[in-house]
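*Asks:* predicted model and sequence below, questions to follow.
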4 protein chains.
Amino acid sequence: MNSNILVFEPVSRTVSLAMSLKKVLLDVKTKYQHVQIVEIEEFGRTLILDGLIQCTEADEYLYHESLVHPVMITHPKPKKVLIVGGGDGAALREVLKHDVVEEVVLVDIDGELVDIARKYLEVIHKGSFNDPRSRVVIMDGFKYIEESNDRYDVVILDLTDPHGPEIAKALYSKEFYSKLTSRLYGDGIIVTQSGNSFFFPNTYGRTVSNVRQVFSIVREYSVWVPSFGYACNFIIASNSYDPARLSRYEVDERLRVRNVSTSYYNGEVHEMFMRMPVLYNRFSVDVDR
Amino acid sequence: MNSNILVFEPVSRTVSLAMSLKKVLLDVKTKYQHVQIVEIEEFGRTLILDGLIQCTEADEYLYHESLVHPVMITHPKPKKVLIVGGGDGAALREVLKHDVVEEVVLVDIDGELVDIARKYLEVIHKGSFNDPRSRVVIMDGFKYIEESNDRYDVVILDLTDPHGPEIAKALYSKEFYSKLTSRLYGDGIIVTQSGNSFFFPNTYGRTVSNVRQVFSIVREYSVWVPSFGYACNFIIASNSYDPARLSRYEVDERLRVRNVSTSYYNGEVHEMFMRMPVLYNRFSVDVDR
Amino acid sequence: MNSNILVFEPVSRTVSLAMSLKKVLLDVKTKYQHVQIVEIEEFGRTLILDGLIQCTEADEYLYHESLVHPVMITHPKPKKVLIVGGGDGAALREVLKHDVVEEVVLVDIDGELVDIARKYLEVIHKGSFNDPRSRVVIMDGFKYIEESNDRYDVVILDLTDPHGPEIAKALYSKEFYSKLTSRLYGDGIIVTQSGNSFFFPNTYGRTVSNVRQVFSIVREYSVWVPSFGYACNFIIASNSYDPARLSRYEVDERLRVRNVSTSYYNGEVHEMFMRMPVLYNRFSVDVDR
Amino acid sequence: MNSNILVFEPVSRTVSLAMSLKKVLLDVKTKYQHVQIVEIEEFGRTLILDGLIQCTEADEYLYHESLVHPVMITHPKPKKVLIVGGGDGAALREVLKHDVVEEVVLVDIDGELVDIARKYLEVIHKGSFNDPRSRVVIMDGFKYIEESNDRYDVVILDLTDPHGPEIAKALYSKEFYSKLTSRLYGDGIIVTQSGNSFFFPNTYGRTVSNVRQVFSIVREYSVWVPSFGYACNFIIASNSYDPARLSRYEVDERLRVRNVSTSYYNGEVHEMFMRMPVLYNRFSVDVDR
């Protein structure tokens, strides 16, 4: 109906995805970033930060289930979970599905964004902010990691892309991952979304190298997120648990025991993730900036 | 360098992928279709048919290795292979890597396209047309299936998308698959590319349903092809062999014995394919036309 | 601020203008057409019908002053004026500036559009619908011309483009212009917007030829409307008055006497219009449909 | 035929014009700028410098006739003419039509561009470089003005836009216009293209103000150039001759005497130019950079 109005999502330095806009519900600049809430044909309600799509109603389950469940399932008993970023509340929603969880702290720098998400993205967060186990801290993630004394079983880094806005750059650095170990229990485990290795081989390579300098067990996988125009990469890291050691049967059993129901993730998908090659484009024009 | 000139690739009815054009090498209309050979930033040499990207130098290995090797490996001894479509010669290139192959017949309706590919897409076909085991037949694929008396171990359907140009529509019909069985040995096996299930759930659903009415063993998988803007679906079908029964070790052993070297496909990827959920977008506007 | 969301305005069959969307205020389908009220960077509040920009806050004065004043000034005493189309109320606003006007009838087929305009386009119609001399008739323009018995001094055809949506096609026909003469006093005069001669030489040529078969005095001019991506053509026709006979001094005097104040139009602009060549593009791909 | 490949022409900071590419004939970086020779649907052969369209086969006559003839005609006997920029040879072509001209010097900084134009833009320069009255000097225009000792009757500044690439910025400065007077005979006259006043009111305003500080007679006009997406502004300046003083009859007489034949410009168009208001967009986001 609205094919005369297009939303452009940057995919790489030279590629973008054009989608049909249906509605603009909100367009504001918070203290930290440009926030747009729109509706897009074939994707539904959508959150855009600094011009980059964060999640859409149609396909956010692919991103959020792939971000959250592999790391949650790999830890045998994740009671305390930290989410850095994730102001839309969807990662929070997935974490809370694991009934073994006792507390989830969500640290996001942008309090206005969290307020906007609570109001406009009910279809995405599904009320997860109101769960008694949820606690929202409005604070710079880097600073929280430095200043907090809490420790967590699982840390989930749900950030804007490493090749994207400046706001999240420091949260992909070796220094950050080092400090992060002080926020983890000894058998803690982390996951970070890490943009896209195909179009940003240098940026991705730097991220995975930073992770490897701090953690001994590192696993990589990805999932195609249609509204991103690419397969989004994830990195799981730990000094104790290896997600590749879990069979599909063990994964399905843990999901069952914890009462987790999903649309996409299951034991087969877990095994699939653990067999995935990382893709690098030799024609990429990713350059260090 | 050329960000003022963009190539638009239709991804769905409302989505398209915009890429930076570097060069137009050829732009002609053959008797059957509009053929463009271009160079695209981050993708290199590219073949476009009727406005739809068929393959690019940067990522065609993802498509062609995923199309060809799972079905070739699943057959224990594929001596005679038929490719319908595939005028660019890349599927041919991959088939010929299996040294057990004695003859490959490539049937494409568009002789002009094959001539263009031979001339402009050396970087893609790598001379496969000149292999003594290759035979090119310029003929409508449907008619070839009806009129030929030959039988094949493996048939590879390398066609334009089922939601795309009219030219290939009949080659996704139940009638076509039925006739195809007469061209297969009793233990023959086929694979068809089948567009994208996420954006075209109806079209894809119809294709897989057509296949299921003719073959008893049907397996589905997909691979993200960056220049398509989506994960491309594939369907393997047979009445004898099941690709899901092969372990990664058996796959790697068969590749080794047949002297096949690949960039992407291997035993792990085979297992990954066999664990993949098919994605359907509930917001899709795919409509039967 | 919103450069990730673009509004595309079709300029010709192969050209379009891309602008930055700021806000979507309304997006509905009325019984007759798709109506969008948006805000566009550098253009402000904008009305879009069936995907074609009708007017923007920033540049509608160029279109509406050029449409209305030359014909109004050319008639020595325009008491009764008819506007066909013009549901946004801006042509009405300009007509009412001439204090000699006693009655303006605005006939638009789309009552919902007029209601939308009254509500969302105050910045454009400036309350002209509430002037006691204004009368709105919701009716098909063609039918009104056939069935009404009223006669007018000036008729202003403020329609969607002749190469545009079907809705207005009949209102550019020879038959329509013939019937129109019955609605005019003997010394009546008309003006019609007529799309763009450069990109649509055939369509424009047909319009001007239709006009010429009915009226003996025909004058053509155009004005660049930035948000249309082209210079909009206008045709004035009469059997009595010739706008080319008016000097800049006479025009300025009539404007003064009638208390008309304008942003753009004046005696010099009137003389400028009367000296303008009509542009035709020999590379145009305008085809009769 | 090629609607999947679009050329984007920046119109303002937030607006661009999208056209259908037919062919890329050349795409190189010279020492000074990015040069593209392409063919565009509805526009034909086209020169693009640093991503900005300079001229197209279909509409360059509008630009070049409007640039060259008003100033040439205003001077009663232009024997020596200087063109700064204009490496495509089209302004040269128009100047040479005046048989009163004895010498035209074309100074362009980019020798590679001139060679490319000679080879690829025959359809535009029509061999004007080979006229015995033509002399090409490859040199920075600013430096030429400073260092040359020659004087001219007419100077034509055929530059990239003042809001465009850095390369031409200095050639719109007050300093440049001052120095330029030393290259003019006492009754000399100049014209400069000056981008677009509507979308770039600040930039244009600065240009015209710079001109006014140096010359006592300044006249402004513009012409819609379809492939630019805007009406291009021109400024004529002199201390002796006023183009507004010439009647259409005098213009047509001078054209006749000098054997000049044109497609667009004539006495009526000259009068039209001299009656044109300058347009400024109050919604413009032109900012001084």
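*Replies:* Yep, it's here.
*Asks:* and the helices in chain A?
*Replies:* If DSSP state H is used as the criterion, the helices of chain A fall at A:60-74, A:90-96, A:111-120, A:122-125, A:141-147, A:174-181, A:201-212, A:248-257, A:267-273.
*Asks:* name the residues that touch the second one?
*Replies:* Contact partners of helix A:90-96, identified using Cβ atoms under 8 Å, 6 or more residues apart in numbering or on different chains, comprise A:55, A:60, A:64-65, A:67-69, A:72, A:81, A:83, A:86, A:101, A:104, A:106, A:121, A:124-126, A:128-129, A:131, A:133-134, A:154, A:156, A:158. For the C-beta atoms, the positions are set from N, CA and C on the backbone; glycine is no exception.
*Asks:* pLDDT (mean, whole number) over it?
*Replies:* On average, the pLDDT along helix A:90-96 is 98.
*Asks:* now do the buried residues in that helix.
*Replies:* A:90, A:91, A:92, A:93, A:94, A:95, A:96 (16 or more other Cβ atoms under 10 Å in any protein chain shown).
*Asks:* check the third one too.
*Replies:* Taking 16+ other Cβ under 10 Å as the basis for neighbour counts, the residues of helix A:111-120 that come out buried are A:111, A:112, A:113, A:114, A:116, A:117, A:118, A:120.
*Asks:* and residue A:89, how far from chain D?
*Replies:* Distance of residue A:89 to chain D, given as Cβ to the nearest Cβ, to the nearest Å: 33 Å.
*Asks:* burial measure for residue A:99, as a count.
*Replies:* 11 (other Cβ atoms under 10 Å in any protein chain shown).
*Asks:* how about it, nearest residue that isn't a chain neighbour?
*Replies:* residue A:259 (4.9 Å; Cβ to Cβ, 6 or more residues apart in numbering or on different chains).
*Asks:* so that neighbour touches residue A:97, yeah?
*Replies:* Yes. Using Cβ atoms under 8 Å, residue A:259 is in contact with residue A:97, at 7.5 Å.
*Asks:* which of these two has more residues huddled nearby?
*Replies:* Shown here are residue A:259 and residue A:97; by other Cβ under 10 Å, residue A:97 has more neighbours (18 against 10).
*Asks:* for residue A:72, see how far away that one is.
*Replies:* The spacing between residue A:97 and residue A:72, counted by Cβ to Cβ, to the nearest Å, is 9 Å.
*Asks:* over to residue A:173?
*Replies:* According to Cβ to Cβ, residue A:173 and residue A:72 sit 25 Å apart.
*Asks:* likewise residue A:201?
*Replies:* 29 Å.
*Asks:* and if you look at residue A:185?
*Replies:* 15 Å.
*Asks:* so which of the contacts of helix A:90-96 also contact chain B?
*Replies:* Filtering the contacts of helix A:90-96 for proximity to chain B by Cβ under 8 Å from any Cβ of the partner chain leaves nothing.
*Asks:* now, of these, which are buried?
*Replies:* Using 16+ other Cβ under 10 Å, the buried ones in the contacts of helix A:90-96 are A:55, A:60, A:64-65, A:67-69, A:72, A:81, A:83, A:86, A:101, A:104, A:106, A:121, A:124-126, A:128-129, A:131, A:133-134, A:154, A:156, A:158.
*Asks:* who are the neighbours in contact with the residue nearest to residue A:6 when sequence neighbours are not counted?
*Replies:* Spatial nearest neighbour of residue A:6, excluding adjacent residues (Cβ to Cβ, 6+ apart): residue A:18 at 4.7 Å. Residue A:18 makes contacts with A:6, A:7, A:8, A:9, B:8, B:15, B:16, B:17, B:18, as judged by Cβ under 8 Å, 6+ apart.
*Asks:* and for residue A:207?
*Replies:* Residue A:207 makes contacts with A:162, A:172, A:192, A:194, A:195, A:235, as judged by Cβ under 8 Å, 6+ apart.
*Asks:* low-confidence regions, the stretch 51-200 of chain A specifically.
*Replies:* The stretch 51-200 of chain A contains no residues with pLDDT under 70.
*Asks:* closest to chain C out of the buried residues of helix A:90-96?
*Replies:* Nearest to chain C among the buried residues of helix A:90-96 is residue A:90, at 21.1 Å by Cβ to the nearest Cβ.
*Asks:* ramachandran angles for the residue of the stretch 51-200 of chain A found nearest chain B?
*Replies:* Chain B sits closest to residue A:58 of the stretch 51-200 of chain A, with a gap of 4.3 Å, by Cβ to the nearest Cβ. The phi/psi pair for residue A:58 (degrees, to the nearest 10) reads phi -80, psi -30.
*Asks:* so it sits right up against residue A:263, yeah?
*Replies:* No. Counting by Cβ under 8 Å, residue A:58 does not reach residue A:263; the two are 11.5 Å apart.
*Asks:* distance check, the spatially closest residue to residue A:92 that is not a sequence neighbour against residue C:166.
*Replies:* Spatial nearest neighbour of residue A:92, excluding adjacent residues (Cβ to Cβ, 6+ apart): residue A:128 at 4.3 Å. Distance, residue A:128 to residue C:166, by Cβ to Cβ: 49 Å.
*Asks:* could you do residue A:69 as well?
*Replies:* Distance, residue A:69 to residue C:166, by Cβ to Cβ: 52 Å.
*Asks:* so residue A:15 makes contact with residue A:228?
*Replies:* No. Counting by Cβ under 8 Å, residue A:15 does not reach residue A:228; the two are 11.2 Å apart.
*Asks:* count of neighbours near residue A:80?
*Replies:* 18.
*Asks:* show me what contacts it?
*Replies:* By Cβ under 8 Å, 6+ apart, the residues touching residue A:80 are A:101, A:102, A:103, A:104, A:105, A:150, A:151, A:152, A:153, A:154.
*Asks:* select only the buried ones of the residues you listed in ChimeraX?
*Replies:* With 16+ other Cβ under 10 Å as the criterion, this ChimeraX line picks the buried residues out of the contacts of residue A:80:
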select /A:101,104,105,152,153,154
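*Asks:* bridge partners for the residue nearest the centre of chain A, pull those for me.
*Replies:* Centroid-nearest residue in chain A, with Cα atoms, centre = their mean: residue A:158, separated by 3.3 Å. Residue A:158 has these beta-bridge partners by DSSP bridges: residue A:85.
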